[in-house]
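1. give me coordinates for this.
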Amino acid sequence: MFYSNKIKLTILILISVFCFFVVPLYSQGEKDYILSKGDLIEVDVYGEPDLHTSARVSEDGTINFPLIGNVRAEGLTVRELERLLTQLLAQDYLVNPQVSIFVREYARIFVLGQVRSPGAYELKGKLTLTSAIALAGGFLPEGDPSRVKLIRTVGGSRQVQEFDIDKITNNLISDIELKPNDTIMVEEYGRISIVGQIQRPGTYSFRKGLTVLEAIGMAGGFTPIASIDGTSVIRLEEGKKKIIRVKISDITKKGDKTKDILLQPGDTIVVPESLF
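-> I've put the predicted structure just below:
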């Protein structure tokens with residue numbers, strides 16, 4: 001019995017410490033959160049259940065609150081909005097009102113396309129283009145960092161901007177701060193084509209660092225009648241067709257990896273039939 005009471009006392013002490021130190025810190029962080037369009041908040045006025053309100057910050061940055069009407073919320077911290085509502089209620093309606101606000105849902109942004117975890121993400125505070133992509137798990141191998149689109153609605157009009165993430169990470173251009181409902185679309189590099197004496201000819205997604213031999217492996221390898229040393233890559237450069245011969249046996253038998261050229265989006269690999 002003695003040990004049971006001792007355990008109970010310990011638990012009570014831990015709960016007290018948590019409530020005294022941890023909860024106020026958590027609340028402090030939330031009270032300093034700056035509200036933005038799309039946030040869903042719950043407002044309570046102590047002793048006034050009829051004034052309990054769930055409100056989403058609208059496109060014009062306001063919420064609608066009973067008795068008062070539209071109140072500016074965007075750009076205010078939770079604490080500042082609590083004070084504002086307290087002042088407005090105290091002017092004409094209530095004596096010594098006590099207002100508390102809880103953020104039920106944060107505004108969201110969307111990261112789509114060639115990232116590891118596409119989807120919607122909460123916009124808690126400042127979030128940039130590069131940090132949002134990191135939040136979504138980063139690029140897939142097929143994702144093209146030079147073709148990242150930011151889609152934003154401004155005044156009812158849809159605007160699309162394209163960014164090169166490598167230029168941002170190399171400090172050549174500034175990172176972009178996101179706004180509620182922004183959509184990030186990570187495009188794929190493009191595709192390559194593989195035709196001729198290949199097990200599965202067709203088009204395939206390009207990824208950075210892809211070589212001729214790797215691409216042929218993706219397509220199932222050569223057929224038995226393939227002229228492997230007749231393999232070539234057809235590439236368009238400045239509108240002109242360029243043919244690059246690739247002697248596969250130098251790569252596979254002689255170990256000359258320099259012959260296994262890096263592909264580019266839009267390349268076509270051609271494997272002819274052996275004449276013998």
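2. tell me if I'm right that Ser117 and Ala136 touch.
-> Yes: using CB atoms under 8 Å, Ser117 is in contact with Ala136, at 5.0 Å. C-betas here are computed from N, CA, C, even on glycine.
3. where along the stretch 101-250 of the chain do the helices fall?
-> 129-135, 165-169, 212-218, 248-252 (DSSP state H, counting those that start in this stretch).
4. using JSON lines, lay out these together with distance to Ile109.
-> JSON lines is the format used below for those (distance: least, CB to CB, whole Å):
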{"stretch": "helix 129-135", "distance to Ile109": "6"}
{"stretch": "helix 165-169", "distance to Ile109": "16"}
{"stretch": "helix 212-218", "distance to Ile109": "34"}
{"stretch": "helix 248-252", "distance to Ile109": "45"}
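5. can I get the ones you listed in TSV including distance to Gln199, mean neighbour count and mean pLDDT?
-> Converted to TSV, these look like this (distance: least, CB to CB, whole Å; neighbours: other CB atoms under 10 Å; pLDDT from 0 to 100):
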stretch	distance to Gln199	mean neighbour count	mean pLDDT
helix 129-135	35	17	97
helix 165-169	35	15	95
helix 212-218	9	18	96
helix 248-252	15	16	95
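6. what's the closest of the ones you listed to Glu237?
-> helix 212-218 (16.8 Å; CB to CB).
7. for the closest one, packing partners?
-> In terms of contacts (3 or more CB pairs under 8 Å, 6 or more residues apart in numbering; DSSP states H and E), helix 212-218 is packed against strand 191-196, helix 248-252, strand 268-271.
8. now that helix, how far from the centre of its chain.
-> How far helix 212-218 lies from its chain's middle: 30 Å, per CA atoms, centre = their mean, to the nearest Å.
9. shaky segments in this structure?
-> 1-29 (pLDDT under 70).
10. please parse it into its domains.
-> As recorded under automatic domain parsing, the domains making up the chain are 28-104, 108-188, 191-271.
11. and for stretch 121-138, what's in contact with it?
-> 33-34, 36, 38, 105-111, 115-119, 139, 148, 150, 163, 165, 168-169, 175-180, 184, 186 (CB atoms under 8 Å, 6 or more residues apart in numbering).
12. run the last query once more with 6 Å
-> 106-109, 111, 115-117, 168, 175-178, 180, 184 (CB atoms under 6 Å, 6 or more residues apart in numbering).
13. on that earlier part again, quick one: closest of the helices and strands packed on helix 212-218 to Gly230.
-> Using CB to CB, the nearest of these to Gly230 is strand 268-271, at 7.1 Å.
14. now that closest one: how far from the chain's centre is it?
-> 36 Å.
15. how about stretch 120-127?
-> That offset, for stretch 120-127, works out to 10 Å (CA atoms, centre = their mean).
16. same question for that stretch: list its buried residues.
-> Within stretch 120-127, the residues scored as buried using 16 or more other CB atoms under 10 Å are Tyr121, Leu123, Leu127.
17. looking at the residues you listed, which is nearest Glu80?
-> Leu123 (18.7 Å).
18. what number of residues lie near the nearest residue to the closest one once chain neighbours are set aside?
-> Leaving aside its sequence neighbours, Leu123 sits nearest to Ala107 (CB to CB, 6 or more residues apart in numbering; 4.6 Å). Residues contacting Ala107 under the criterion other CB atoms under 10 Å number 22.
19. contact partners for Ala107?
-> Ser36, Gly38, Asp39, Leu123, Pro180.
20. how many neighbours does the first one have?
-> Read it as Ser36. 20.
21. got the contact list for it?
-> Glu74, Ala107, Pro180 are the contacts of Ser36 under CB under 6 Å, 6+ apart.
22. and Leu81, by the same measure?
-> With CB under 6 Å, 6+ apart, Leu81 has these contacts: Ala73, Ile101.
23. where does it land in three-state SS?
-> helix (DSSP: H, G, I helix; E, B strand; the rest coil).
24. and stretch 257-265, end to end?
-> In terms of CA to CA, to the nearest Å, the two terminal residues of stretch 257-265 are separated by 21 Å.
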